[in-house]
Every structure is written in structure tokens, then in C-alpha cells.
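Participant: When you get a sec, could you give me coordinates for this:
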Amino acid sequence: MDWTKIISTVAPWIGTAIGGPLGGMAVEAAANALGLSDKTMEAVKGAVMGASPETLLALKEADQRFSLQMQALGFQSVKDLESIAAADRDSARKMQMENKSFMPAVITAGVLSSFAGTLVALLFVPIPDANRDLIIYMIGQLSGFAGSAVAFWLGTTRQSEEKTRMLAAAPAK
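Facilitator: Predicted coordinates for the structure are as follows:
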């Protein structure tokens, strides 16, 4: 089962926020509930996939605290968080369609090169024990960035752009 479906079922506020601009707060809330020192999406994913019922209960309780925190910030329901995430994605799509900027391609190339270079370096460069946790954290971050960059070009962003282009070319009724 997909870990995002698990977390969205057990902790709907956290699960919804993870996919949007408040993702950092949601990941931290989930990591704290799961007792993780590594507050990354990868760490939360691993913990959720192997979670016991007690751990899921702790996540549910964290979601209740997170919902109070979000309500204090002005979000009255999970749908408010969903609409912010949707608007964030939509504005990025519109920006790229209107401007045809070369920067997303440059950023994608940089992120993917960094990720690939780091993985290759790991094969040949021994990591000192004192730096091991930092390196693992950085690779996790690069992995997330690489996935986001690829999703921008191949995922729903590209599909949405194609759909918008087709709708614009369709005859008006």
C-alpha cells in the first residue's frame, strides 16, 4: 500500500499538508509523532510503512494537535489545505505556460546531476562516521528534489499543460 494513503487515512491534516506548501511543518509533526530524529519525508515514509497500531495512534494524536495548529493559522478544514496546494501547483503551471522559462530545465539538470554525482561519489569515497547522518540526510533531500523535478516534466504538470493547450485549441460551443 502507498504510504501517503496510509498517512492520509490515519492523519488527514498531516497527509494533506505533506503534499503542499506546508509540507515541512507536516513532515516535522509526523516525524515527532513517530519518534524520528531524522525529520525527512523518506524517514516518515519508512516509519509509516512499518508502523504498529500504537505508532499509528500516536500519529492520529499528532494529527489532532496539527489540526489545532492549522486552525490557529486560519485553515478551518482539510479542504482549505487542499485548495492551497492546488493553487500552488496551478500557479507554477501557469507561470511555465506563460513564460516558457528555461530555469526549470536548468534547475532540473542541476538537481539530477547533483543527485547522480552524489550517488557515484558514494561508490568511491568513504564517508567518515562523523558525517554519515549528514550525508544520508542530504541524499534524502536530493532524492526528493530529483523526484519533484522529474514529476514537473513528466507528471501531472506536463499533462495539465497538454490538457490546457488542447482546450485552448478546441472550437468554442
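
Participant: And the average pLDDT for the helix or strand harbouring residue 45 is what?
Facilitator: For residue 45, the element it lies in under DSSP states H and E is helix 41-49. Helix 41-49 shows a mean pLDDT of 84.

Participant: Quick check: what element follows that helix along the chain?
Facilitator: Following helix 41-49 toward the C-terminus (DSSP H and E): helix 53-72.

Participant: Return the list of helices and strands in contact with that following helix.
Facilitator: In terms of contacts (3 or more CB pairs under 8 Å, 6 or more residues apart in numbering; DSSP states H and E), helix 53-72 is packed against helix 3-10, helix 12-18, helix 23-33. C-beta here means a position set from N, CA and C on the backbone, and glycine is covered the same way.

Participant: Pipe those helices into JSON lines and attach mean neighbour count and distance to residue 127 per row.
Facilitator: Below are the helices and strands packed on helix 53-72 laid out as JSON lines (neighbours: other CB atoms under 10 Å; distance: least, CB to CB, whole Å):
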{"stretch": "helix 3-10", "mean neighbour count": "17", "distance to residue 127": "27"}
{"stretch": "helix 12-18", "mean neighbour count": "25", "distance to residue 127": "29"}
{"stretch": "helix 23-33", "mean neighbour count": "20", "distance to residue 127": "23"}
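
Participant: circling back: tell me what angle the helix holding residue 45 forms with helix 53-72.
Facilitator: Counting by axes from the mean of the first three to the mean of the last three CA atoms, to 10 degrees, helix 41-49 lies at 130 degrees to helix 53-72.

Participant: And the most centrally placed residue in the chain, its phi and psi?
Facilitator: The structure's the chain has its C-alpha centroid closest to residue 19; by CA atoms, centre = their mean the separation is 5.0 Å. Main-chain torsions, residue 19, degrees, to the nearest 10: phi -80, psi 0.

Participant: shouldn't it be in contact with residue 5?
Facilitator: No. Here residue 19 does not reach residue 5: they are 11.9 Å apart, not a contact under CB atoms under 8 Å.

Participant: tell me the domain ranges of the chain?
Facilitator: 3-78, 101-169 (automatic domain parsing).
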